[in-house]
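Undergrad: fold the stuff below for me.
(chains A and B)
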Protein chains: 2
Amino acid sequence: MNEQYPSRLLEKAVNEFARLPGIGPRTALRLTLYLLRQDAENVHRFCDSLRQLKDEVKYCRVCHNLSDTDVCAICSDPGRDRSTLCVVENIRNVMAIEDTQQYHGLYHVLGGVISPMDGVGPNDLELASLVDRVAAGGVSEIILALNPTMEGDTTNFYIARRLADYDVRLTVLARGVNIGDELEYTDEITLGRSIINRVSLDHYKSKL
Amino acid sequence: MNEQYPSRLLEKAVNEFARLPGIGPRTALRLTLYLLRQDAENVHRFCDSLRQLKDEVKYCRVCHNLSDTDVCAICSDPGRDRSTLCVVENIRNVMAIEDTQQYHGLYHVLGGVISPMDGVGPNDLELASLVDRVAAGGVSEIILALNPTMEGDTTNFYIARRLADYDVRLTVLARGVNIGDELEYTDEITLGRSIINRVSLDHYKSKL
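TA: Residues are numbered from 1 along each chain as shown, chains lettered A, B, ... in the order given. Next up, the predicted model:
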């Protein structure tokens, strides 16, 4: 396809849209022309919401989840169980687990998993701050809720090693989650049950 | 799905994305988080390109195609054949026909087709300006390149009636284009050939 755009402004906007994952040039053109047909007010609101998100959103300084405030709503909720931390890869995983309404502890968002193939090492993740939270005391259980992939498993074992000297129970999600699947696409029932049926990491090791 | 967004800013941006056609809430979240991971510079460029398109793009005052200038590049190109007008529904159709490199005349973008079902009548389209262009003289042929649908056909016959008093040859695209398909998804070869093999509207009428 060798599109001849009637306008440089159109071409620029389409190219920007086409940078988004899963958006090809035809879809980008369709979306751009759709926006062009909307009122200026709607287009401005669309743009402003993205710009404001990028410029103003914060990351919770405790759990590193997205937040509008320095400490997120979950971390500052007095009703949550502060003795349990759920370690997840990203905020979509927090949202998926919150949707199940089966978990009432706190979170720790790593920002990724250890992946030598992608050049992601332990220092690229929020692992030191996880150890700090445990070292500060009061945490009795850590649920390792990473995606059931090789990288997730590697990260689980790295965390287990780093926390070996602390008196904290490490659990992983029950293996109701299918191997190779992404947490955020797992249905709420399965995901909720796998939190309830979480098993000790030792138990999990013995099954490997 | 009852998503609990960790941030109102995130929720707002996701909701804006989810207004776009074909973008569901999960895709909207994925695209928003993708943008959030990009440099601020990239996000600003994305937003600015859309805002600038909406605020600054013009519609050619001759053919009503999108344009960066008052008169578009095609209308102001001295190399184009000014005696032939190609009537299309929208600018994506102009782009599709330009891509075939088989047409060297000018365009007239209606901005839609007559569709009583959707409440689109002749006065909602650039039909009066089409008659004005023909009345101004110098046009010997009008190619009616609307989508081969009922609405396209209705619009063709409306145009034929409005232009009955003028000495202008009306043609339609050769019916190599499949009935019910959208012009912009037709492959270049078929679309190019259907311009070359265009037939007189009288010939077409006799086949109905």
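Undergrad: give me the below-cutoff pLDDT ranges for chain A.
TA: The model of chain A has pLDDT under 70 over residues A:1-3, A:175-180, A:203-208.
Undergrad: what's the domain layout of it?
TA: According to automatic domain parsing, chain A comprises the domains A:8-56, A:75-207.
Undergrad: residue closest to the middle of chain A?
TA: residue A:90 (1.4 Å; Cα atoms, centre = their mean).
Undergrad: residue A:112 is in contact with that one, correct?
TA: Yes. Using Cβ atoms under 8 Å, residue A:90 and residue A:112 qualify as a contacting pair, with a distance of 7.3 Å. Bear in mind the C-beta positions are built from the backbone N, C-alpha and C, glycine included.
Undergrad: that older thread, export the domains of chain A as a markdown table, with columns for distance to chain B.
TA: As requested, those are exported to a markdown table (distance: least, Cβ to the nearest Cβ, whole Å):
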| stretch | distance to chain B |
| --- | --- |
| domain A:8-56 | 4 |
| domain A:75-207 | 5 |
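Undergrad: closest one to residue B:64 among these?
TA: Checking those against residue B:64 by Cβ to Cβ gives domain A:8-56 as the closest, at 13.4 Å.
Undergrad: which one of the domains of chain A lies nearest to residue B:141?
TA: domain A:8-56 (28.2 Å).
Undergrad: what comes up buried for the biggest helix by length in chain A?
TA: Across chain A, the longest stretch assigned as helix under DSSP state H is helix A:40-56. Residues A:43, A:44, A:46, A:47, A:49, A:50, A:51, A:53, A:54 are the ones in helix A:40-56 that count as buried (16 or more other Cβ atoms under 10 Å in any protein chain shown).
Undergrad: CA atoms only: put it into PDB for me.
TA: The C-alpha trace of helix A:40-56 is given here as PDB (Å, rounded to 0.1, in the frame of the first residue of the first chain):
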ATOM      1  CA  ALA A  40     -13.400  20.000  18.000                       C
ATOM      2  CA  GLU A  41     -14.400  19.700  21.700                       C
ATOM      3  CA  ASN A  42     -14.300  15.900  21.600                       C
ATOM      4  CA  VAL A  43     -11.000  15.800  19.900                       C
ATOM      5  CA  HIS A  44      -9.500  18.200  22.400                       C
ATOM      6  CA  ARG A  45     -10.900  16.200  25.300                       C
ATOM      7  CA  PHE A  46      -9.400  13.000  23.800                       C
ATOM      8  CA  CYS A  47      -6.000  14.600  23.400                       C
ATOM      9  CA  ASP A  48      -6.100  16.400  26.800                       C
ATOM     10  CA  SER A  49      -7.000  13.200  28.600                       C
ATOM     11  CA  LEU A  50      -3.900  11.400  27.200                       C
ATOM     12  CA  ARG A  51      -1.600  14.300  27.800                       C
ATOM     13  CA  GLN A  52      -2.900  14.900  31.300                       C
ATOM     14  CA  LEU A  53      -2.500  11.200  32.100                       C
ATOM     15  CA  LYS A  54       1.100  11.200  30.900                       C
ATOM     16  CA  ASP A  55       2.000  14.500  32.700                       C
ATOM     17  CA  GLU A  56       0.100  14.100  35.900                       C
END
